[in-house]
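Peer 1: got a sequence here, can you build the structure:
(4 chains)
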Number of protein chains: 4
Amino acid sequence: LYRQLEPGAWPDQGLSPANRWICALITVAVLVALLETEPAIRVGREPWFVAFEWVVGAIFLLEYLIRAWVAVEGARYAHPVWGRLRYLGSFAAVVDLLAILPLFLGLVGMEALFMRLIRVLRILRLARLGRFSKALRELGHAVRLRQFELYVSFGLAFLVLLTSSIMLYLLEGGVQPEAFGSVLRSMWWSVATLTTVGYGDVYPVTGLGRFFAALTALSGIGIIAMPTGIMAAAFSEAMQKNRREKD
Amino acid sequence: LYRQLEPGAWPDQGLSPANRWICALITVAVLVALLETEPAIRVGREPWFVAFEWVVGAIFLLEYLIRAWVAVEGARYAHPVWGRLRYLGSFAAVVDLLAILPLFLGLVGMEALFMRLIRVLRILRLARLGRFSKALRELGHAVRLRQFELYVSFGLAFLVLLTSSIMLYLLEGGVQPEAFGSVLRSMWWSVATLTTVGYGDVYPVTGLGRFFAALTALSGIGIIAMPTGIMAAAFSEAMQKNRREKD
Amino acid sequence: LYRQLEPGAWPDQGLSPANRWICALITVAVLVALLETEPAIRVGREPWFVAFEWVVGAIFLLEYLIRAWVAVEGARYAHPVWGRLRYLGSFAAVVDLLAILPLFLGLVGMEALFMRLIRVLRILRLARLGRFSKALRELGHAVRLRQFELYVSFGLAFLVLLTSSIMLYLLEGGVQPEAFGSVLRSMWWSVATLTTVGYGDVYPVTGLGRFFAALTALSGIGIIAMPTGIMAAAFSEAMQKNRREKD
Amino acid sequence: LYRQLEPGAWPDQGLSPANRWICALITVAVLVALLETEPAIRVGREPWFVAFEWVVGAIFLLEYLIRAWVAVEGARYAHPVWGRLRYLGSFAAVVDLLAILPLFLGLVGMEALFMRLIRVLRILRLARLGRFSKALRELGHAVRLRQFELYVSFGLAFLVLLTSSIMLYLLEGGVQPEAFGSVLRSMWWSVATLTTVGYGDVYPVTGLGRFFAALTALSGIGIIAMPTGIMAAAFSEAMQKNRREKD
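Peer 2: Next up is the predicted model:
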């Protein structure tokens, strides 16, 4: 049973059957929690959602207790009493508990939603296995190698953001106080423009404002995309290393 | 005749003259079907469209019968009776039939449109030739090599999408119930923002919502673009391999 | 004089002083023509614009005549009479003439504007010099090497465009006939979405339409960007080759 | 004291403790200046902002005087009188002075804001240290290597911008004079489209205008992104070189 539940103790690659079922159940529970927020789906089906929530809660509670029971089989929590208590105090077990608690405490509303969604975190914990954790470690290494680049490009991106916000505040602040009346407000425009999202809720209307906005858009887009480009390169490098080692 | 019609049996590179004409006719038929959906073009010209549809249908029917007749010349469908029947049951022949059927069954409206557009698929079938199919196979191989990367990046992209939807639902749901009243609804905003499409039909209006939206846009864009970036790299690698082998 | 005017005959790298002045004058003339279209700038200053146009026209006419006169010094147009006539019939000379003509024919309005802007083409002709033309040739070579990739990726991009347009037409055509009432109309939405421009003048409103639009946006963006990515790679490769040869 | 203040004189890598504190103070002062422009934050808290501004101004004045006093310890400004005067005339000292001046001259409004934001420049000056300045020099070198590519791609980008603006002016100028009534005005649309920002404040409405706009969007996006792509490649190359030299 311990080998089935503890990700690190499973001898083969990948997840054990028991953990696979738990992952699947978590995914379903998260999706149901998302659907439950939509009034058009919830209204009239509340009893079903409540029943589902109790069934899932019961299964997770059972899983939590079994995990605590078998924890002593691992080397870290070997002591029959203190080992189990120390396991219950570990980060993984606290996350598990937080994901069950709201139901039994009768919590409703936002706090409960938030805690139910903590279950997503549980998938990550279960998935933190051999190959995946190695890839993560290599990603961390690749990012650390480029940290100087990241600092410089973040600095440049922030400078571009700041400059364009200040310029648009100076040029458009008088005409559109609602949208550009402070540097903070024109930062909303700057982010929307430099990331090329461009909602169109705010945009410059004066000639000079438009000229500078066009200049910003043409020159700044590449600079804002630089940090994410460096991250993507680090990610791809780490993955290639992981692939090569696997071969 | 068989060599003209069966793509795999044509000795030279590329398509045989007969298949080229059929490809061209399919393209024209698809374009006409698209134009027919536009009321400004259709109204007053219905007889022309009907006549065109019948002429094209007749040609495709003829082609279908000839293909079934000559199928026995290939090694796979050699038997005079069963070979032909088995050919008619093959995927390629069923697609051909589906593309002709709606006309003769007197179908109209959406189903008919959908089936007429199946003709686009026929081009793919005819084009599935030497070099093209080799490129496809190599593309599949390149994608399989990166499947772990794809899983991880899809997971990350989904996590970013989920997190930003939940945050915006919590922050803006109360002020704009129509746009952010459920996690599903705020996912529409998340997709529009993280892909940088930014229609501008929904956007945060509260200060905290805007702050988090800006953070999401700045950090999440690169993560959402990662799966497509990996696919593009796989495509480019497969094409280069294909090119090198050709030289 | 011939050496000054004929780009290919100038012994040094770059442009001769005379051609530099002409390039500068063309740039100024084009910018003035652009400014002239703005009513806020034109109104009240028409005489100045007309005078400028006549002065520039006179200079370009003079240049045209001198070019025709000295053309015989080159090997291609060596004959005193036929050489000059053949020069006047060459593509370069016709472009030069078209750029002068509208003024002397008293043309006004759009045709005149269009022809005056032909002057931009003249810069290209003058610039078609040693290093630049070599870079262009290498760009052409790099593109030709990738023509198969370009075909495949254009085909994929067109397929994605078509599929998403047809789906949105089927899903949203009934609710928003103005925006999605035909496949042609929903193509306008498709292009705006897949290029991530996202004006926001048309967007899906039904649940299913939004779901499919989100799917399209997430998966299709990388595919639409593939042809331009291949072109950019070809451009960068050609430039690097050009740089290496220069060293 | 001199070693603490003069970035170049600090023996270790990175910034001296004194300069770190000054950098932090500048950052805080800049952020406060940004927040002060927001009426919702400023109103009712003016005395606090004024007090903060005076305290910061006093610290910066003190720093300015100490820097001038200890400047003589460096080789460049060794002379007790002329050295200090020459230091005060140096670019760095003038920037420092400009950042303090507005407070003591009683300036208010935009000029004062602009000058207070000059402080951002001061961070750059302090940060212009060993490794950072080497990275900058290498970035400059990498850009210079690619200057020909940059010229060509800027030229192409400008041509695409010009062509699409002229076409949309010709096709849409009659229907929407406010948005496309001159080439300058339709340039605003062109920039918003080609950078994929797409605010949606202006967009073509005629069939032909939309057709051409779609064509522009599909073909032009890659070309507009080329200069920034070249810059990003140069940046990444310079950073890699810097990293390799550090190892």
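Peer 1: is stretch A:141-154 up against chain D anywhere?
Peer 2: Yes. Stretch A:141-154 comes into contact with chain D (Cβ under 8 Å from any Cβ of the partner chain), by way of A:145, A:146, A:148, A:149, A:152, A:153. The way it works is simple: take the backbone N, C-alpha and C, and place the C-beta from them, glycine included.
Peer 1: ok, stretch A:184-202 next?
Peer 2: Yes. Shown here: stretch A:184-202 in contact with chain D (Cβ under 8 Å from any Cβ) through A:184, A:185, A:192, A:193, A:196, A:197, A:198, A:199, A:200.
Peer 1: can you put those in JSON lines and add pLDDT and neighbour count?
Peer 2: Formatted as JSON lines, the residues of stretch A:184-202 next to chain D follow (pLDDT from 0 to 100; neighbours: other Cβ atoms under 10 Å in any protein chain shown):
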{"residue": "A:184", "pLDDT": "87", "neighbour count": "18"}
{"residue": "A:185", "pLDDT": "90", "neighbour count": "25"}
{"residue": "A:192", "pLDDT": "92", "neighbour count": "27"}
{"residue": "A:193", "pLDDT": "93", "neighbour count": "29"}
{"residue": "A:196", "pLDDT": "89", "neighbour count": "24"}
{"residue": "A:197", "pLDDT": "90", "neighbour count": "30"}
{"residue": "A:198", "pLDDT": "88", "neighbour count": "31"}
{"residue": "A:199", "pLDDT": "91", "neighbour count": "28"}
{"residue": "A:200", "pLDDT": "89", "neighbour count": "24"}
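Peer 1: which of those are close to chain B?
Peer 2: Okay, of the residues of stretch A:184-202 next to chain D touching chain B (Cβ under 8 Å from any Cβ), that's A:192, A:196, A:197, A:198, A:199, A:200.
Peer 1: which of the residues you listed sits closest to residue A:225?
Peer 2: Closest approach between these and residue A:225, by Cβ to Cβ: residue A:196, at 8.9 Å.
Peer 1: counting by contacts, list what the longest helix seen in chain A packs against.
Peer 2: Secondary structure of chain A per DSSP state H: the longest helix is helix A:207-246. With contacts taken as 3 or more Cβ pairs under 8 Å, 6 or more residues apart in numbering or on different chains; DSSP states H and E, helix A:207-246 sits against helix A:130-145, helix A:147-172, helix A:183-194, helix B:147-172, helix B:207-246, helix D:183-194, helix D:207-246.
Peer 1: mind running it again at 7 Å?
Peer 2: helix A:130-145, helix A:147-172, helix A:183-194, helix B:207-246, helix D:183-194, helix D:207-246 (3 or more Cβ pairs under 7 Å, 6 or more residues apart in numbering or on different chains; DSSP states H and E).
Peer 1: contacting residues around the helix or strand containing residue A:58?
Peer 2: Using DSSP states H and E, residue A:58 maps to helix A:46-70. The contact list for helix A:46-70 (Cβ atoms under 7 Å, 6 or more residues apart in numbering or on different chains) reads A:1-2, A:5, A:22, A:25, A:29, A:32, A:36, A:42, A:84, A:87-88, A:96-97, A:99-100, A:103.
Peer 1: pLDDT below threshold where in chain A?
Peer 2: A:1-15, A:102, A:105-134, A:246-247 (pLDDT under 70).
Peer 1: okay, now whichever residue of it sits closest to chain B: neighbour count?
Peer 2: Chain B sits closest to residue A:228 of chain A, with a gap of 2.5 Å, by Cβ to the nearest Cβ. Residue A:228: 21 surrounding residues under other Cβ atoms under 10 Å in any protein chain shown.
Peer 1: ok, residue A:43 next?
Peer 2: So residue A:43, with other Cβ under 10 Å, has 8 neighbours.
Peer 1: again with the one 4 residues further on
Peer 2: Using other Cβ under 10 Å, residue A:47 has 8 neighbouring residues.
Peer 1: mind listing what the closest residue in space to residue A:173 that isn't next to it in sequence touches?
Peer 2: Leaving aside its sequence neighbours, residue A:173 sits nearest to residue A:180 (Cβ to Cβ, 6 or more residues apart in numbering or on different chains; 4.7 Å). Contacts for residue A:180 (Cβ under 7 Å, 6+ apart) come out as A:168, A:169, A:172, A:173, A:186, A:189.
Peer 1: let's see 8 Å
Peer 2: Residue A:180 is in contact with A:168, A:169, A:171, A:172, A:173, A:186, A:189, A:202, A:204, counting by Cβ atoms under 8 Å, 6 or more residues apart in numbering or on different chains.
Peer 1: just to revisit the earlier point, buried ones only from the contacts of helix A:46-70, please, as a ChimeraX command.
Peer 2: In ChimeraX, this line selects whichever of the contacts of helix A:46-70 come out buried by 16 or more other Cβ atoms under 10 Å in any protein chain shown:
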select /A:5,22,25,29,32,36,84,87,88,96,99,100,103
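Peer 1: which of the contacts of helix A:46-70 fall within helices?
Peer 2: Using DSSP H, these in helices are A:2, A:5, A:22, A:25, A:29, A:32, A:36, A:42, A:84, A:87-88, A:96-97, A:99-100, A:103.
Peer 1: could you list which of these also contact chain D?
Peer 2: Near chain D, by the rule Cβ under 8 Å from any Cβ, you find none of the ones in helices among the contacts of helix A:46-70.
Peer 1: what's the closest of those to residue A:236?
Peer 2: Residue A:236 has its nearest neighbour among the ones in helices among the contacts of helix A:46-70 in residue A:22, at 31.1 Å by Cβ to Cβ.
Peer 1: quick check: that closest one vs residue A:91, distance?
Peer 2: 18 Å (Cβ to Cβ, to the nearest Å).
Peer 1: again, but for residue A:49
Peer 2: Residue A:49 is 30 Å from residue A:91, by Cβ to Cβ.
Peer 1: ok, residue A:42 next?
Peer 2: Counting by Cβ to Cβ, the gap from residue A:42 to residue A:91 is 33 Å.
Peer 1: again, but for residue A:194
Peer 2: 37 Å.
Peer 1: looking at these two, which has the bigger crowd around it?
Peer 2: It is residue A:194, of residue A:194 and residue A:91, that has more neighbours when counted by other Cβ under 10 Å, with 27 against 9.
Peer 1: not counting its neighbours along the chain, what's nearest the more buried one?
Peer 2: In space, and not counting its chain neighbours, residue A:194 is closest to residue A:224: 4.3 Å by Cβ to Cβ, 6+ apart.
Peer 1: enumerate every residue touching the residue in chain A positioned nearest to chain C.
Peer 2: In chain A, the residue that lies nearest chain C is residue A:200 (5.4 Å; Cβ to the nearest Cβ). With contact set as Cβ under 8 Å, 6+ apart, residue A:200 has these partners: B:198, B:200, C:199, C:200, D:198, D:199, D:200, D:201.
Peer 1: let's see 10 Å
Peer 2: By Cβ atoms under 10 Å, 6 or more residues apart in numbering or on different chains, the residues touching residue A:200 are A:192, B:198-201, B:203, C:198-201, D:192, D:197-203.
Peer 1: can you tell me the SS state at it?
Peer 2: coil (DSSP: H, G, I helix; E, B strand; the rest coil).
Peer 1: isn't residue A:42 right up against residue B:183?
Peer 2: No. Residue A:42 is beyond contact range of residue B:183, at 11.7 Å (criterion: Cβ atoms under 10 Å).
Peer 1: in chain A, what residue is nearest chain D?
Peer 2: For chain A, Cβ to the nearest Cβ, closest residue to chain D: residue A:222, 2.5 Å.
Peer 1: that residue - nearest residue in space that isn't next to it in sequence?
Peer 2: Nearest to residue A:222 is residue D:228, by Cβ to Cβ, 6+ apart, at 2.5 Å.
Peer 1: the one you found against residue A:196, yeah?
Peer 2: No. Applying Cβ under 10 Å as the test, residue D:228 and residue A:196 come out as separate, 11.4 Å apart.
Peer 1: give me the common contacts of those two.
Peer 2: A:220, A:221, A:224, A:225, D:195.
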